[in-house]
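Student: Any chance you can model this:
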Amino acid sequence: TRRTSRAVPPYASVTKPPPPPTDFPATPQESDGPSSLHWKDRVALYAQFSAEETLNALLHALRSNTRAGPRKDDGIDALYVFANLDIWALSHRFFGKKMDLGQFERFKRVVVADPYNVLLREEYAHKTLSAVHVTKDVYVTRRLFEYEGGSKVFTFTM
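Tutor: Take a look at the predicted model:
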């Protein structure tokens with residue numbers, strides 16, 4: 001017999017992903033199940049819906065970033081992929097000032113340094129100070145991050 005395949009429209013398989021989980025496995029072996037996605041894959045799913053959901057997924061990925069093991073720097077990698085930087089450009093303004101960020105290691109050095117290292121902490125509280133959709137494709141939000149020893153305000157433009 002001959003097999004025939006039915007064409008499925010690309011939008012038919014797109015469903016809204018569940019909200020980011022609040023608890024993560026303690027060891028990498030527990031996270032290797034079939035429903036486990038790397039953070040950059042999760043962020044890509046959220047990017048299909050709204051800027052708010054995408055930002056929340058990115059912040060959750062950074063908070064859950066591991067510095068060792070098979071998923072080392074997975075959260076930073078998700079942010080790097082989402083940034084979609086031109087690796088051949090001499091400088092980028094992703095962090096608000098001109099820097100050469102084309103290589104992942106240079107990007108990672110900026111994220112793990114002050115002031116952005118706050119986003120990698122497991123223990124912080126954050127709240128939205130303001131948020132606005134400037135245009136259909138541009139979303140800007142200011143968020144306050146409070147942690148032991150201080151607080152910082154970041155502006156995100158997506």
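
Student: give the contact list for Ala131.
Tutor: Contact analysis of Ala131 by CB atoms under 8 Å, 6 or more residues apart in numbering lists 52, 139-142. Heads up, the C-betas are built off the backbone N, CA and C, glycines and all.

Student: in what helix or strand does it lie?
Tutor: strand 125-133 (DSSP states H and E).

Student: Equivalent analysis for Phe94, please.
Tutor: Here Phe94 is assigned to no helix or strand, by DSSP H and E.

Student: how far away is the closest residue to it other than its chain neighbours from Ser130?
Tutor: Nearest non-adjacent residue to Phe94, counting by CB to CB, 6 or more residues apart in numbering: Ala83, 5.4 Å away. Distance of Ala83 to Ser130, given as CB to CB, to the nearest Å: 23 Å.

Student: So those two - more neighbours on which side?
Tutor: Between Ala83 and Ser130, Ala83 has the larger neighbour count (other CB atoms under 10 Å), namely 13 against 9.

Student: residue contacts, the more buried one?
Tutor: 94, 101, 107.

Student: which residue is nearest the centroid of the chain?
Tutor: Leu58 (2.3 Å; CA atoms, centre = their mean).

Student: Give the other helices and strands that the helix or strand harbouring that residue contacts.
Tutor: Element membership for Leu58 (DSSP H and E) is helix 51-63. Secondary-structure packing of helix 51-63 (3 or more CB pairs under 8 Å, 6 or more residues apart in numbering; DSSP states H and E): helix 39-46, helix 74-83, strand 125-133, strand 139-147.

Student: Report the helix or strand with the lowest average pLDDT across this structure.
Tutor: Ranked by mean pLDDT, DSSP states H and E, the helix or strand of the chain with the weakest confidence is helix 39-46, at a mean of 68.

Student: could the helices and strands packed on helix 51-63 be laid out in TSV, adding distance to Phe156?
Tutor: Formatted as TSV, those follow (distance: least, CB to CB, whole Å):
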stretch	distance to Phe156
helix 39-46	14
helix 74-83	11
strand 125-133	9
strand 139-147	5
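
Student: which ones are touching Gly150?
Tutor: Gly150 touches nothing, counting by CB under 8 Å, 6+ apart.

Student: so what's it bridging to?
Tutor: Tyr147 (DSSP bridges).

Student: what pLDDT does it get?
Tutor: In the predicted model, Gly150 carries a pLDDT score of 91.

Student: Thanks a lot, catch you later.
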